[in-house]
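# test case, fold it:
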Amino acid sequence: MPPPPRSRRPDLRGLRATLPEPVQAVIAGYERHLGLERGLSAHTVRAYVGDAVSLLGFVTEAGGALADLDLARLRAWLAAQQTGGAGRTTLARRAASARTFTAWAHRAEHLATDPGGRLAAPRAHRTLPGVLRAGQAGEVMRASAAGAAERDPIALRDRAIVELLYATGIRVSELCGLDVGGADFSRRVVTVLGKGGKERVVPFGVPAAGALGDWIEEGRPKILAESAGGGVEPALFLGVRGKRVDPRAVRRVVHDAVTAVPGTPDMGPHGLRHSAATHLLEGGADLRSVQELLGHATLATTQLYTHVTVDRLKAIHDRAHPRA
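Numbering: from 1, shown residues only. From the prediction side, this is the model:
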């Protein structure tokens, strides 16, 4: 049987344009607060604002106003999301987003009270995608190196991207945001700008240094020479037109590199990040160090990786121990 058709995503931009002008002004103020005062990434701001638009659109369509937003309406909005097919993880995220909005709206005196403080939501399923085994990761890196053997500039770039993502565990947004000056070869570290505008320094190993050096010395100048920019782009990683590489292009690079090795789970840059964290813990790194390297705000996020390593140990025990 063919899979059921996917539900269409709501047109939040169109919905925002239909909201009453005072509500649109509140949304604009909330957007400025998230981007300028809290320093959240553009992607996070879009998600938070989209949830606020959805919530206020729901209230408005029911004949209410912003001042009418209370706990009952918040619960009704979440119930409508669930009816529309949202899973537990999505509901938990949207409930947290709604609480962020109502807390701000109360502080900004758009709401007399903060109803979101009493809003509960189902616990999210905190799961991790598949990770590469250490041997598989090595095969992926060797395949990338083989692809760059003929010194094609894009192949050199792709190898450097894959090596650096796995070596550091940085996010795809952090990699795309790197400038040439962000890589320090004398100390073998990169300085990245993480979530909330927080800067951190992440080390990388000799293989990544070699791949990165080949890209900077050989591949990058060739792309700049062939592009209209003529060498003015500060970005470390470039697209084929000489501009800063797009996250979608990086996802394609990682997908192609991983699927080139038989038996590996399909994954993108986040999968390499998970793999790096898992292999660090399996190699004896402590949780606090891995938290620092990955830029996690809380240790609870890093602790998710311990479940992966424990599950692997249990699987090995089941296979190898005579009394398993």
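
# helix or strand for Val202, which one?
Using DSSP states H and E, Val202 sits in strand 199-203.

# and that strand, what's buried?
By neighbour count with 16 or more other C-beta atoms under 10 Å, strand 199-203 contains the buried residues Arg200, Val202. Any C-beta I mention is one placed from the backbone N, CA and C, and that applies to glycine too.

# hmm, who's touching that strand?
Contacts of strand 199-203 with the rest of the structure, by C-beta atoms under 8 Å, 6 or more residues apart in numbering, involve 168-170, 187-194, 292-293, 295.

# what about 6 Å?
For strand 199-203, the surrounding residues in contact (C-beta atoms under 6 Å, 6 or more residues apart in numbering) are Thr168, Ile170, Arg188, Val189, Val190, Thr191, Leu193, Gly194, Leu293, Gly295.

# any idea how far Lys198 is from Leu34?
Here Lys198 is placed at a distance of 16 Å from Leu34 (C-beta to C-beta, to the nearest Å).

# oh sorry, the question was meant for Ala209
Using C-beta to C-beta, one gets 37 Å for the distance from Ala209 to Leu34.

# which one of these two has more residues nearby?
Leu34 (23 against 17; other C-beta atoms under 10 Å).

# and the more buried one, helix, strand or coil?
Under DSSP: H, G, I helix; E, B strand; the rest coil, Leu34 falls in the helix class.

# quick one: contacts for it?
Leu34 neighbours (C-beta under 6 Å, 6+ apart): Leu40, Val45, Tyr48.

# list buried residues within those residues.
Leu40, Val45, Tyr48.

# each with direction, which strands does the strand holding Val202 pair with?
strand 189-193 (antiparallel) (DSSP bridges).

# CA atoms only for the strand it pairs with - export them in PDB, please.
Extracted C-alpha coordinates of strand 189-193, given in PDB (Å, rounded to 0.1, in the frame of the first residue of the first chain):
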ATOM      1  CA  VAL A 189      41.400  24.500  17.100                       C
ATOM      2  CA  VAL A 190      38.500  26.300  15.500                       C
ATOM      3  CA  THR A 191      36.600  29.100  17.200                       C
ATOM      4  CA  VAL A 192      32.800  28.800  16.500                       C
ATOM      5  CA  LEU A 193      29.800  30.900  17.400                       C
END
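
# which stretches in the stretch 201-324 of the chain count as helices?
For the stretch 201-324 of the chain, the helices defined by DSSP state H, counting those that start in this stretch occupy 206-214, 220-226, 247-259, 269-282, 287-294, 299-320.

# dump these to CSV, plus mean pLDDT and distance to Phe58.
Formatted as CSV, the helices of the stretch 201-324 of the chain follow (pLDDT from 0 to 100; distance: least, C-beta to C-beta, whole Å):
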stretch, mean pLDDT, distance to Phe58
helix 206-214, 96, 48
helix 220-226, 91, 47
helix 247-259, 94, 31
helix 269-282, 90, 31
helix 287-294, 87, 36
helix 299-320, 68, 30
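
# my guess is Ala160 contacts Gly210. True?
No: taking contacts as C-beta atoms under 6 Å, Ala160 lies outside contact range of Gly210: 9.1 Å.

# which of those two has more neighbours?
Ala160 (28 against 14).

# which strand or helix spans the more buried one?
Applying DSSP H and E, one finds Ala160 within helix 153-168.

# and that helix, what does it pack onto?
Helix 153-168 sits against helix 134-147, helix 206-214, helix 247-259, helix 269-282, with contacts defined as 3 or more C-beta pairs under 6 Å, 6 or more residues apart in numbering; DSSP states H and E.

# please tell me how far Leu280 sits from Gly213.
Leu280 sits 24 Å away from Gly213, going by C-beta to C-beta.

# so for these two, which sits in the more crowded spot?
Shown here are Leu280 and Gly213; by other C-beta under 10 Å, Leu280 has more neighbours (19 against 14).

# find the nearest non-adjacent residue to that one, please.
In this structure, Leu280 finds its nearest non-sequential neighbour in Val290, 5.2 Å apart by C-beta to C-beta, 6 or more residues apart in numbering.

# how about the contacts made by that neighbour?
Per C-beta under 6 Å, 6+ apart, neighbours of Val290: Ala277, Leu280, Thr302.

# look at Arg123 and report its pLDDT.
pLDDT recorded at Arg123 is 68.

# actually Leu56, not the one I typed
94.

# which residue packs closest to it, ignoring adjacent ones?
With C-beta to C-beta, 6+ apart, the residue lying closest to Leu56 is Val23, at 5.5 Å.

# that neighbour reaches Gly57, doesn't it?
No: with contact defined as C-beta under 6 Å, Val23 does not count as touching Gly57 (8.8 Å).

# can you count the residues close to Asp246?
13.
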